[in-house]
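>>> model this:
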Amino acid sequence: MNGSVIRNLSLSSVMLIVASGCASPEVAKETVIADTQRPVLIIKPVEYKKEVKPISVPTSTSTATSKSKVIDGKASYYANMFQGRKTANGQIFDQGKLTAAHRTLPFGTKVKVTNINNHKSVIVTINDRGPFIRGRIIDLSSSAFKAIGNPRTGVLNVTMEILK
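Here you go, the predicted structure:
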(Lines give C-alpha, C1' and ligand atoms only; values in the text may rest on other atoms or scores of the structure.)
Protein backbone atom coordinates (compact mmCIF):
# COMPACT_ATOMS: atom_id res chain seq x y z
CA MET A 1 0.00 0.00 0.00
CA ASN A 2 1.25 3.34 -0.83
CA GLY A 3 1.08 6.53 1.25
CA SER A 4 -1.92 8.04 -0.55
CA VAL A 5 -4.16 5.03 0.17
CA ILE A 6 -3.24 5.05 3.86
CA ARG A 7 -3.83 8.80 3.98
CA ASN A 8 -7.26 8.43 2.37
CA LEU A 9 -8.28 5.61 4.72
CA SER A 10 -7.22 7.48 7.83
CA LEU A 11 -8.88 10.69 6.61
CA SER A 12 -12.14 8.87 5.92
CA SER A 13 -12.10 7.16 9.33
CA VAL A 14 -11.52 10.52 11.06
CA MET A 15 -14.42 12.04 9.09
CA LEU A 16 -16.64 9.13 10.09
CA ILE A 17 -15.78 9.62 13.79
CA VAL A 18 -16.43 13.38 13.59
CA ALA A 19 -19.74 12.87 11.81
CA SER A 20 -20.92 10.31 14.37
CA GLY A 21 -20.11 12.76 17.19
CA CYS A 22 -22.39 15.36 15.62
CA ALA A 23 -25.40 13.10 15.71
CA SER A 24 -27.95 14.25 18.28
CA PRO A 25 -28.93 11.75 20.97
CA GLU A 26 -32.53 11.04 21.71
CA VAL A 27 -33.79 13.54 24.34
CA ALA A 28 -35.92 12.25 27.18
CA LYS A 29 -39.46 13.61 27.13
CA GLU A 30 -39.95 13.35 30.92
CA THR A 31 -38.63 16.02 33.28
CA VAL A 32 -37.30 14.91 36.62
CA ILE A 33 -38.32 17.13 39.56
CA ALA A 34 -36.07 16.90 42.61
CA ASP A 35 -37.29 17.69 46.11
CA THR A 36 -35.00 20.49 47.36
CA GLN A 37 -36.22 20.62 50.94
CA ARG A 38 -33.68 19.52 53.49
CA PRO A 39 -34.62 17.43 56.50
CA VAL A 40 -34.90 19.31 59.76
CA LEU A 41 -32.83 18.17 62.74
CA ILE A 42 -34.39 18.93 66.10
CA ILE A 43 -32.01 18.96 69.04
CA LYS A 44 -33.53 18.82 72.48
CA PRO A 45 -31.52 20.16 75.41
CA VAL A 46 -30.14 17.49 77.68
CA GLU A 47 -29.74 18.14 81.37
CA TYR A 48 -26.53 16.82 82.82
CA LYS A 49 -26.59 15.70 86.41
CA LYS A 50 -23.22 15.56 88.08
CA GLU A 51 -22.60 14.19 91.52
CA VAL A 52 -22.26 17.07 93.96
CA LYS A 53 -21.05 16.25 97.44
CA PRO A 54 -20.36 18.72 100.23
CA ILE A 55 -17.01 18.47 101.93
CA SER A 56 -15.69 19.74 105.21
CA VAL A 57 -12.09 20.90 105.21
CA PRO A 58 -10.26 22.53 108.11
CA THR A 59 -10.01 26.27 107.41
CA SER A 60 -6.38 26.40 108.50
CA THR A 61 -5.18 24.25 105.56
CA SER A 62 -7.50 25.44 102.81
CA THR A 63 -9.39 28.52 101.66
CA ALA A 64 -12.49 26.38 101.13
CA THR A 65 -15.38 26.61 103.53
CA SER A 66 -17.51 23.77 104.76
CA LYS A 67 -20.17 24.90 102.26
CA SER A 68 -17.95 24.38 99.19
CA LYS A 69 -18.90 21.76 96.62
CA VAL A 70 -16.73 19.30 94.74
CA ILE A 71 -17.68 18.03 91.30
CA ASP A 72 -15.86 15.24 89.44
CA GLY A 73 -15.63 15.32 85.66
CA LYS A 74 -13.48 16.10 82.65
CA ALA A 75 -11.73 19.36 81.79
CA SER A 76 -10.57 20.52 78.38
CA TYR A 77 -8.95 23.75 77.19
CA TYR A 78 -9.76 26.47 74.67
CA ALA A 79 -8.47 26.29 71.12
CA ASN A 80 -6.11 29.08 70.02
CA MET A 81 -8.75 30.42 67.63
CA PHE A 82 -10.56 32.03 70.60
CA GLN A 83 -7.55 34.19 71.54
CA GLY A 84 -8.58 37.86 71.42
CA ARG A 85 -12.31 37.20 71.02
CA LYS A 86 -15.00 38.31 73.45
CA THR A 87 -16.13 35.89 76.13
CA ALA A 88 -19.73 35.57 77.30
CA ASN A 89 -19.24 38.22 79.99
CA GLY A 90 -17.73 40.72 77.51
CA GLN A 91 -14.06 40.38 78.44
CA ILE A 92 -11.44 39.73 75.76
CA PHE A 93 -10.21 36.14 76.06
CA ASP A 94 -6.52 35.72 76.87
CA GLN A 95 -4.90 32.26 76.90
CA GLY A 96 -2.30 33.57 79.39
CA LYS A 97 -4.83 34.34 82.14
CA LEU A 98 -6.19 31.79 84.60
CA THR A 99 -9.80 31.79 83.38
CA ALA A 100 -12.37 29.14 82.53
CA ALA A 101 -15.80 28.49 81.04
CA HIS A 102 -18.64 26.78 82.88
CA ARG A 103 -22.23 26.23 81.79
CA THR A 104 -24.02 27.59 84.88
CA LEU A 105 -21.69 29.12 87.48
CA PRO A 106 -21.95 32.91 87.82
CA PHE A 107 -19.25 35.03 86.18
CA GLY A 108 -16.47 35.89 88.60
CA THR A 109 -16.79 32.63 90.56
CA LYS A 110 -13.43 31.28 91.74
CA VAL A 111 -12.98 27.56 91.17
CA LYS A 112 -10.15 25.26 92.23
CA VAL A 113 -9.52 22.62 89.55
CA THR A 114 -7.41 19.61 90.55
CA ASN A 115 -5.98 16.99 88.20
CA ILE A 116 -6.92 13.59 89.68
CA ASN A 117 -3.85 11.84 88.23
CA ASN A 118 -1.08 14.10 89.56
CA HIS A 119 -2.94 16.13 92.25
CA LYS A 120 -1.82 19.47 90.76
CA SER A 121 -4.38 22.24 91.10
CA VAL A 122 -5.07 25.73 89.79
CA ILE A 123 -7.56 28.42 90.81
CA VAL A 124 -9.44 29.97 87.89
CA THR A 125 -12.12 32.62 87.46
CA ILE A 126 -15.27 31.83 85.44
CA ASN A 127 -15.70 34.36 82.61
CA ASP A 128 -17.33 32.37 79.79
CA ARG A 129 -19.97 29.73 79.02
CA GLY A 130 -19.18 26.19 77.97
CA PRO A 131 -17.98 23.58 77.37
CA PHE A 132 -20.74 22.31 75.14
CA ILE A 133 -19.37 18.80 74.74
CA ARG A 134 -21.05 15.98 76.65
CA GLY A 135 -19.10 14.77 79.66
CA ARG A 136 -16.97 17.86 80.15
CA ILE A 137 -17.60 20.11 83.14
CA ILE A 138 -15.12 22.95 82.59
CA ASP A 139 -13.10 24.53 79.77
CA LEU A 140 -9.78 26.02 80.94
CA SER A 141 -7.55 28.62 79.34
CA SER A 142 -4.36 27.16 77.92
CA SER A 143 -2.17 28.48 80.76
CA ALA A 144 -4.52 27.07 83.42
CA PHE A 145 -4.55 23.68 81.67
CA LYS A 146 -0.73 23.66 81.43
CA ALA A 147 -0.50 24.34 85.17
CA ILE A 148 -2.18 21.02 85.99
CA GLY A 149 -1.51 18.76 83.00
CA ASN A 150 0.03 18.20 79.59
CA PRO A 151 -1.91 19.92 76.78
CA ARG A 152 -1.17 16.98 74.45
CA THR A 153 -3.66 14.89 76.41
CA GLY A 154 -6.44 17.36 75.55
CA VAL A 155 -8.79 16.22 78.30
CA LEU A 156 -8.09 15.61 82.00
CA ASN A 157 -10.02 13.89 84.78
CA VAL A 158 -10.47 16.60 87.39
CA THR A 159 -12.28 17.58 90.56
CA MET A 160 -13.75 21.06 90.58
CA GLU A 161 -14.16 22.81 93.93
CA ILE A 162 -16.26 25.99 94.01
CA LEU A 163 -14.47 28.49 96.30
CA LYS A 164 -16.60 31.64 96.10
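
>>> Just the strands from this protein, written as ranges.
Along the chain, counting by DSSP state E, strands occupy 52-54, 69-77, 99-101, 110-115, 121-128, 136-140, 156-162.

>>> Okay, now the unreliable bits of this structure?
Scanning the chain with the threshold set as pLDDT under 70 gives 1-3, 16, 18-68.

>>> how does it look with 50?
Within the chain, the stretches with pLDDT under 50 are 57-66.

>>> and Asn115, what are its bridge partners?
Beta-bridge partners for Asn115, by DSSP bridges, are Val158.

>>> pretty sure it is touching Lys146, no?
No - taking contacts as C-beta atoms under 8 Å, Asn115 lies outside contact range of Lys146: 11.2 Å. For glycine as for every other residue, the C-beta is placed from the backbone atoms N, C-alpha and C.

>>> Which one of the two is surrounded by more residues?
More crowded of Asn115 and Lys146, by other C-beta atoms under 10 Å: Asn115, with 20 against 14.

>>> what's near enough to touch the more buried one?
Each residue near Asn115 by C-beta atoms under 8 Å, 6 or more residues apart in numbering is listed here: 121, 148-149, 156-158.

>>> how far away is it from Gly135?
The spacing between Asn115 and Gly135, counted by C-beta to C-beta, to the nearest Å, is 16 Å.

>>> For burial, what's the neighbour tally of Ile133?
Neighbours of Ile133 under the rule other C-beta under 10 Å: 10.

>>> Assess the claim that Ala75 and Val111 are in contact.
No - counting by C-beta under 8 Å, Ala75 sits too far from Val111 to count as a contact (10.3 Å).

>>> List the contacts of Leu140.
Listed by C-beta under 8 Å, 6+ apart, the contact partners of Leu140 are 75-78, 99-100, 113, 122, 124.

>>> closest to Ala88 out of the strands of the chain?
strand 121-128 (4.8 Å; C-beta to C-beta).
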